[in-house]
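How does the following fold in three dimensions:
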Amino acid sequence: MILTPKISNRNFISFLWHASFLAFAQVFMDVDTIIPAMLIESGGGAIHIGIMTAILLGGSSVTQLFFAPYISNKSYKKKYLLLGINSRIFSLLGLGLLLFYLQAGQSVYIIWIIFALISIFALGGAFANIGYTDILGKSILEEKRKSFLSFKQIIAGIVVLFSAFLARKVLSSSSFPLNYAYTFIIGSSALLIASLGFWNLKETEPSVLKISGFKKFIQVMKSELKTNPKLPYFLGFVNTQGIAISFLPFLTLYAKTTFQTQSNDIAMFLVFKVLGIVLVSFLILLGSKKIKYKWMLYGNVLLSLTMVLGTLFISEADHIKYIFITGGIVYSIFSITMNGVLLEVSGKENRAIYTGFAGAGSVIPAIFPLTAGYLIKTFGFQNFFLFYIVIISFSVFFIYKLNCKK
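All right, here's what the predicted structure looks like:
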């Protein structure tokens, strides 16, 4: 079946449906504010935040290395996309129910159950992302992709901005653990509605790339590294700039330990993060045909450094919200450029396997949160900030070498 403008528009709407309700759900399962704050309230510390961030932001990417060979062998990937998102729905619901029935004195072992549910949630996302990237690349006409990625961010930002105020009310409506139980149950329900967009997708073209097992996957990766000169630099970019989205969970920890912030403050941080997402997404949409990826990448490095430098000069808890605005901008730019650069570096038939390459290359983002948690616990936040600055600075070289044309 040929991808026609009519089918492309249908898929465009389906992806936007999913993005809209996913945005609503993400407020109630935000990995930078809600989940870290819940974990701290449950008795977690710097090491636990490091483990959580490694699972959600680093480990989930690395596991794509193992999922990619399997999914790449499938001609059509829609059902695997649905399997991934359904596992996220049930794990999030389980997390909400766990907190709903949480009793005093259970925090010793409850954290490990939380980690188990978070792991299922993260793995489901990693599994779904491979199919998502492949289907997105062949289900929307090429000239519509950059507009879609930017438009998706704007709609998501507007929805999140509205739902962030709702999340603030939910968090303030009761004390721990009920307030967080309600947020995760609402998030699970919204994610269920979001999945309807994937059910409506029309996957027109089969993928012909076949990878017979993990060994063959490694062979293909080695071959691509030799024949595609941009791939090594793309992996270098993923390993350096990729840690930028790991900063905000530790900023939440910094706010709680240094300024003793409460649930209302956490919700406000989320609102300001969303403001950053909406602002930059709107600007990128307006200039989507003029702004090249490489300038967005350079700008994101500067903003990533601004986050940590700004944190060093904070003297009041209320000022932290401005760092979260910058964090929202960094997250938004990284989301748009990561998908866009991946589509540019890869070919039409190998996008799913390149998603696996990106996961295989996410070594530093996977271990960074664990190292950061240890640094904070042992030496304090200053050493963590320095470690972050050094890694982010290296990304300038890889961005220069990528030299994205679009």
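
ok, now which ones touch the residue nearest the centre of the chain?
By C-alpha atoms, centre = their mean, the mean C-alpha position of the chain lies nearest to residue 57, the distance being 6.4 Å. By C-beta atoms under 8 Å, 6 or more residues apart in numbering, the contact set of residue 57 is 31, 245-246, 365, 369. From N, CA and C alone the C-beta is placed, and that goes for glycine too.

if I look at it, how far off is residue 275?
22 Å (C-beta to C-beta, to the nearest Å).

Same check on residue 27?
From residue 27 over to residue 275 the distance is 13 Å, taken as C-beta to C-beta.

out of these two, which sits in the more crowded spot?
When neighbours are counted by other C-beta atoms under 10 Å, residue 27 and residue 275 differ, and residue 27 comes out ahead with 29 against 19.

And for residue 322, the neighbour number?
By other C-beta under 10 Å, the residues close to residue 322 number 15.

Quick check: phi and psi on it?
phi -70, psi -30 (degrees, to the nearest 10).

which ones are touching it?
Contact analysis of residue 322 by C-beta under 8 Å, 6+ apart lists 272, 310.

do the same with residue 39
By C-beta under 8 Å, 6+ apart, residue 39 lies in contact with 48-49, 52, 111, 114.

again, only using 10 Å
The contact partners of residue 39, taken as C-beta atoms under 10 Å, 6 or more residues apart in numbering, are 45, 48-49, 51-53, 111, 114-115, 118, 180, 249, 252-253.

Show me those that map onto helices.
48-49, 51-53, 111, 114-115, 118, 180, 249, 252-253 (DSSP state H).

doesn't residue 55 make contact with residue 249?
No: using C-beta atoms under 10 Å, residue 249 is not in contact with residue 55, being 11.1 Å away.

Are there residues contacting both of the two? Which ones?
31, 369.

out of these two, which sits in the more crowded spot?
residue 249 (26 against 23).

Three-state assignment for residue 30, please.
Classification of residue 30 using DSSP: H, G, I helix; E, B strand; the rest coil returns coil.

Let me know the distance separating it from residue 164.
Counting by C-beta to C-beta, the separation of residue 30 from residue 164 is 9 Å.

Can you pick out the most distant pair from the contacts of residue 57?
31 and 365 (13.1 Å; C-beta to C-beta).

list residues touching both of these two?
Common contact partners of residue 31 and residue 365 (C-beta under 10 Å, 6+ apart): 53, 57, 245-246.

Give me the subset of those residues that lies in strands.
Counting by DSSP state E, those place none of their members in strands.

Mind putting those residues into JSON lines with pLDDT and distance to residue 154?
Putting the shared contacts of residue 31 and residue 365 into JSON lines (pLDDT from 0 to 100; distance: C-beta to C-beta, whole Å) gives the following:
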{"residue": "53", "pLDDT": "84", "distance to residue 154": "27"}
{"residue": "57", "pLDDT": "72", "distance to residue 154": "23"}
{"residue": "245", "pLDDT": "84", "distance to residue 154": "19"}
{"residue": "246", "pLDDT": "86", "distance to residue 154": "25"}
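
Which members of the residues you listed are classed as buried?
Among the shared contacts of residue 31 and residue 365, the ones that count as buried by 16 or more other C-beta atoms under 10 Å are 53, 57, 245-246.

Could you identify the most distant pair in those?
The distance between the two most remote of these (C-beta to C-beta) is 9.4 Å, for 53 and 245.

thought residue 141 was touching residue 9?
Yes: using C-beta under 10 Å, residue 141 is in contact with residue 9, at 9.0 Å.

Which neighbours do the two have in common?
Common neighbours of residue 141 and residue 9 (criterion: C-beta under 10 Å, 6+ apart): none identified.

re the thing from before, is it possible to get TSV of the buried ones among the shared contacts of residue 31 and residue 365 that adds distance to residue 238?
Listed next are these as TSV, based on distance: C-beta to C-beta, whole Å:
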residue	distance to residue 238
53	16
57	12
245	11
246	13
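
ok, these vs residue 344, which is closest?
residue 245 (20.3 Å).

Residue 112 versus the closest one, what's the distance?
25 Å.

where does residue 75 land in three-state SS?
Three-state assignment for residue 75 (three-state DSSP): coil.

Residue 7 versus that one, what's the distance?
Where residue 7 is concerned, residue 75 sits at a distance of 17 Å (C-beta to C-beta).

More neighbours: which of those two?
A count of neighbours by other C-beta under 10 Å puts residue 7 above the other of residue 75 and residue 7, at 18 against 11.
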